[in-house]
Every structure is written in C-alpha cells, then in structure tokens.
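> no sequence on this one, just coordinates:
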C-alpha cells in the first residue's frame, strides 16, 4: 500500500473520517483565562477529564479513555523527569507539546497499519506573568495550535469554530473573575454540545442561533446525567504547584 | 521518553528516574578507603515538638566540615509538601537530594494516580530512600538521619494531628509522641526536652505558638553552647534558626520579626534586651 500514493492518501482520509466520527459526540472542553489564572472546564459523565501535569501545566482531552490515559502518562512522566533532572522552572509546554506529544500523535496517525489515537488534547500553561499564559491544542494528527486568551476542543472543526466565535464575540475584560469565566465557558460548552447533537451535515454551518436561555437549558439538561468539572491554574496558590480542581460549591456559585 | 517505554504505572517516581537513567546511588569503587582526611560538610541540631496547634520544627543554620564552619545560613528544615516537613542532620548533600526526591515523588504520585499519597505511603518512601543510602552511610561520608514531621488531616478536628517520625540509618521509622531531636547537638537537649515534657509548668503539647517558639530558641541556645557544630542566634548578621510550623492549614515559616520578638523574650530577665 505504501508504494501506491493514492491508496495511502485514501487510507489516511478513511482514518480521519473514522476518528472524527468517534470524536464528534465527545463533550467539548473550554479553556479561559481570568484575572487570577486559567480555567479548563467541561461537563462529563463520570470519567475525569481535567488533570494536573506539572506545577504550571494542566491537561484535558476528549477521545478514547485508554488513549487519554496513556498520553496523559507520557506527558506527566516526561515533565516530572525533566522537572527533577533540571529544575521545575525548566519544564515548558512548548517542548512538551512540540517535541513529545505532537510527534507521537503524528506518528500513530500516519502509520496506517497501526492503531491511531482517538484523541484531541487541550493543555494550559500558566505563565510567569499573565501575558505568558498559553493554551495549546493538539489534534489527533499531531497538528498544534496555540492560543492566548481562550481555547476549545470539540468533536469536529466546525464545532470548535462555533464555540470560538461565541468566545471571541464576548466582551474583552481583563478583570474577568473566575465566576464570570466559568459562566462564559459553560455557555460556550452549550454551543458545542448543541452543534455536536446535530446531524453531521448540519454542523457544517457554524451559525448556531441559540439564545442564552437555550444555553442554560442545555447546561441544566447535561447536569442531570453528568457533572461540571473544572480545574484551575491559579497565581494565588501558595507553593510551586498551581493546579487545583474546583469543588462543587465553587462551581455552583457560578451557575445561572 | 517515548510512548513505547511508558512504564507500568504505580505512581513510583523512583522507577521513573531509574528508567530515565538517573543515578540514584553513588557507587564508590571497591576498595575506596574510609573518608579519612576528606572533609565532608556536616551539621546540626534539629528539634521538633508537638505543640497546641500541630508540630513545630526548628534547626540551626551552621554547616561544618571538620573543625571549620563552612556556612552559616544552611537550611535544615525543608518543606516537602503542604503538610509535611523534613528536618535533616548529617551530610547535607545527600539530605537535600533525599528531600528533593521525596518532594517530587509525592507530587508525581498525586499527578499520576490522581490522589494524595497516604501517610503510610509517605513514611515508606522516606524509609526506602534512607535504606538505599546505606552504603554511603557505612562509608562514613553520606549518612543522613532525618526527622519527618507532618500533619495528618484525617485526625478529628478537635485533636492535634501533628505527627513526628524518627528514622534510623537503615530506614526504620518510629513515631515519637511529643518531641524528637537529632544532630550533633541533640544529646545536650534531649534530656531537657524529656524534663519539659514531663515536669514543665506548661507541658510541650499545651504550649501556644509563642511559648513553643521561645522554648525552642532556648533549647537551640543550650545546644550551641556545648556543640561547636550548632550555631545560636547571630545578632550581628541577624541570622536566626529556621522555625516552621505545620498545622491543619499547612506549613508556615516564622518570620524574622516574630523571631526577633521571641528571641528577646527568650533571654533570662537579667540579660533582657
């Protein structure tokens, strides 16, 4: 198959379709900065999806739980060893994503006889100052995208675009607190959920056309058989580890 | 590290380091003579007491090699995580490495296993590190005898969750109920601690933070009087002993202002400053 370029491209395309089909129903994840750090949030059904990787790095992913776990361990191990052998300040997200993860994702995706990872990852790195906060998304094919203010991962590109458009249209507010960030994040999540519930051909349109009330209904419905999960990297945390999962009470104060 | 050699995960940081070819032990060539005239940095008096709100850990700041004072700002009381502290005596090079491995191990366990390492798990991890260092201890150049103090948050609110563990060179750990002390100056104050704990006007465990601080400053002063490897308070350079507390809310380091104040109160009335 390798010496027939057309069939190779076709096989890659089949792979892409297969993976996207599996990812499409995944619960999206939203990442936002706020006045005291960065938050990652989603609504999940039991499986934990937001994790601490290192002192200033957090991870979330959608996809197959086995793949998420394996790749989460890869990045956690690499960061832990690097942080110990040098100093924890020497661990940085750019190296972890571009050198360790992107390469692993790409290799698995393109070796068409082997297994591919069904995964999309979103990582957050709390900078020394807020201008250095970074979100990095990695696609199952190894493509990397970096954002500063907010970032999302969803089942398909059009779901992500729909969510991003909503976040980009929200008023820019450097003093946005955690409560407001969670609220905005949940609204973007609701848009992602709405788009992923539509038939594939309808999601091509990124025009969502739902109002705030409908968003709140979607969030309320999702909470009936799931839970909001949110993790923060906060500058106010004592000590070197900045990650913490929010408790139910903190999340509930932000609910509409 | 690549995806192919992701190790089997029990949250064990030591296997991860071995896997990454990090040398955990220093292998001396066979026939290496005892350290003889090699002067290795040594130290110390560290003392830990259980007081009303938890545990207080203190250490002097002097590091010596042979009869020379090589450093007078050494830190011998090291925070490991939010609720634990390691107080070290012996060879600082190995002790710092042990403290660092311990800190990273606890974090790695939490990050990989998605829960905190249990109290028993933490004690065993330290045991293992001390036992692995036995060869160095027997050579006479790298012995480390630490005290590990922590606050057990599973203790009921109304009780004191402060715990003190003492280790021997083979890594066995013993829980000390009210106090522990180690280092070259410790022999001079162990009896005093016993006396205070049993016959003192205020038992150690009933003391508030200020009373405990004053008591500890007096103990270190006593140790420094008889042990050349222990420093007292250096007024000219304003170097105080390190004192940390661990309570239910976590580890705190006493500020120089607090210590200046307590130091004045710790002096006998005839020498009041």
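Perfect, I can see it now. Small disclaimer: the values here were computed from a predicted structure and weren't measured.
> where exactly do the strands run in the chain?
The chain I'm using is chain A. Along chain A, counting by DSSP state E, strands occupy A:29-34, A:37-44, A:50-54, A:57-63, A:119-125, A:134-138, A:144-147, A:150-153, A:227-234, A:243-245.
> other chain: chain B
Applying DSSP E to chain B gives strands spanning B:46-51, B:54-59, B:63-65, B:68-71, B:77-81, B:84-87, B:147-151, B:162-167, B:173-176, B:179-182, B:242-247, B:250-253.
> Near the closest residue to residue B:259 other than its chain neighbours, how many other residues are there?
Closest residue in space to residue B:259, ignoring its immediate chain neighbours: residue B:240 at 4.4 Å, by C-beta to C-beta, 6 or more residues apart in numbering or on different chains. In this view, the C-beta of every residue, glycine as well, is placed from N, C-alpha and C. Using other C-beta atoms under 10 Å in any protein chain shown, residue B:240 has 24 neighbouring residues.
> same thing with the one 10 residues further on?
Using other C-beta under 10 Å as the criterion, residue B:250 is surrounded by 17 other residues.
> Assess the claim that it and residue B:81 are in contact.
No - between residue B:250 and residue B:81 there is no contact under C-beta atoms under 8 Å: 9.2 Å.
> low-confidence ranges in chain B?
Across chain B, the ranges flagged by pLDDT under 70 are B:1-9, B:25-43, B:136-142, B:235, B:272-273.
> Let me fix that, I meant to ask about chain A.
Residue ranges of chain A with pLDDT under 70: A:1-3, A:199-208.
> residues in it within reach of chain B, list them.
A:48, A:51-54, A:70-71, A:73-74, A:76-78, A:80-81, A:83-85, A:100, A:104, A:108, A:238-239, A:241 (C-beta under 8 Å from any C-beta of the partner chain).
> For residue A:29, give me its contacts.
Residues near residue A:29 by C-beta atoms under 8 Å, 6 or more residues apart in numbering or on different chains: A:40-42, A:49-50, A:60-62, A:122, A:152-154, A:189.
> Dump those to CSV, plus neighbour count.
Listed next are these as CSV, based on neighbours: other C-beta atoms under 10 Å in any protein chain shown:
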residue, neighbour count
A:40, 28
A:41, 28
A:42, 28
A:49, 24
A:50, 24
A:60, 27
A:61, 25
A:62, 24
A:122, 26
A:152, 27
A:153, 30
A:154, 29
A:189, 26
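> okay, the residues you listed in CSV with distance to residue A:224 next?
CSV is the format used below for the contacts of residue A:29 (distance: C-beta to C-beta, whole Å):
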residue, distance to residue A:224
A:40, 22
A:41, 18
A:42, 16
A:49, 18
A:50, 21
A:60, 22
A:61, 24
A:62, 20
A:122, 25
A:152, 23
A:153, 23
A:154, 21
A:189, 15
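> how about the helices in the chain?
Here I'm looking at chain A. For chain A, the helices defined by DSSP state H cover A:5-23, A:65-85, A:93-95, A:102-110, A:157-169, A:178-197, A:200-203, A:212-224, A:248-253.
> The chain in question should be chain B.
Listed in chain order, the helices of chain B (DSSP H) span B:13-19, B:92-113, B:119-132, B:134-139, B:187-199, B:209-226, B:256-266.
> what comes up buried for the second one?
In terms of neighbour count (16 or more other C-beta atoms under 10 Å in any protein chain shown), helix B:92-113 has its buried residues at B:92, B:94-99, B:101-112.
> so which of those are also by chain A?
The subset of the buried residues of helix B:92-113 within reach of chain A, by C-beta under 8 Å from any C-beta, is B:101, B:104, B:107-108, B:110-112.
> can you tell me which of the strands of chain B comes nearest to chain A?
With C-beta to the nearest C-beta as the criterion, chain A lies closest to strand B:250-253 of those, at 7.2 Å.
> Any buried residues in the closest one, and which?
Residues of strand B:250-253 classed as buried: B:250-251 (neighbour count, 16+ other C-beta under 10 Å).
> Residue A:180 reaches residue A:173, doesn't it?
Yes - contact criterion C-beta under 8 Å: residue A:180 and residue A:173 qualify, at 7.4 Å.
> Looking at the two, which one has more neighbours?
Taking neighbours as other C-beta under 10 Å, residue A:180 and residue A:173 compare with residue A:180 leading, 16 against 12.
> before we move on, the earlier item: can you redo the strands of chain A as a markdown table with distance to residue B:152?
Formatted as a markdown table, those follow (distance: least, C-beta to C-beta, whole Å):
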| stretch | distance to residue B:152 |
| --- | --- |
| strand A:29-34 | 34 |
| strand A:37-44 | 30 |
| strand A:50-54 | 23 |
| strand A:57-63 | 28 |
| strand A:119-125 | 32 |
| strand A:134-138 | 38 |
| strand A:144-147 | 42 |
| strand A:150-153 | 39 |
| strand A:227-234 | 26 |
| strand A:243-245 | 21 |
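> among the ones you listed, which is nearest residue B:64?
strand A:50-54 (36.9 Å; C-beta to C-beta).
> Report all helices and strands that the closest one contacts.
Helices and strands touching strand A:50-54, by 3 or more C-beta pairs under 8 Å, 6 or more residues apart in numbering or on different chains; DSSP states H and E, are strand A:37-44, strand A:57-63, helix A:65-85, strand A:227-234, helix B:92-113.
> okay if I get the ones you listed as a markdown table plus distance to residue B:129?
Formatted as a markdown table, these follow (distance: least, C-beta to C-beta, whole Å):
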| stretch | distance to residue B:129 |
| --- | --- |
| strand A:37-44 | 34 |
| strand A:57-63 | 26 |
| helix A:65-85 | 14 |
| strand A:227-234 | 30 |
| helix B:92-113 | 5 |
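> And these: which comes nearest residue A:141?
Proximity to residue A:141, assessed across the helices and strands packed on strand A:50-54 by C-beta to C-beta, is greatest for strand A:57-63 (12.7 Å).
> if we can go back for a sec, now tabulate the strands of chain B in JSON lines and tack on distance to residue B:19.
Formatted as JSON lines, the strands of chain B follow (distance: least, C-beta to C-beta, whole Å):
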{"stretch": "strand B:46-51", "distance to residue B:19": "34"}
{"stretch": "strand B:54-59", "distance to residue B:19": "33"}
{"stretch": "strand B:63-65", "distance to residue B:19": "33"}
{"stretch": "strand B:68-71", "distance to residue B:19": "35"}
{"stretch": "strand B:77-81", "distance to residue B:19": "23"}
{"stretch": "strand B:84-87", "distance to residue B:19": "25"}
{"stretch": "strand B:147-151", "distance to residue B:19": "26"}
{"stretch": "strand B:162-167", "distance to residue B:19": "27"}
{"stretch": "strand B:173-176", "distance to residue B:19": "27"}
{"stretch": "strand B:179-182", "distance to residue B:19": "33"}
{"stretch": "strand B:242-247", "distance to residue B:19": "33"}
{"stretch": "strand B:250-253", "distance to residue B:19": "31"}
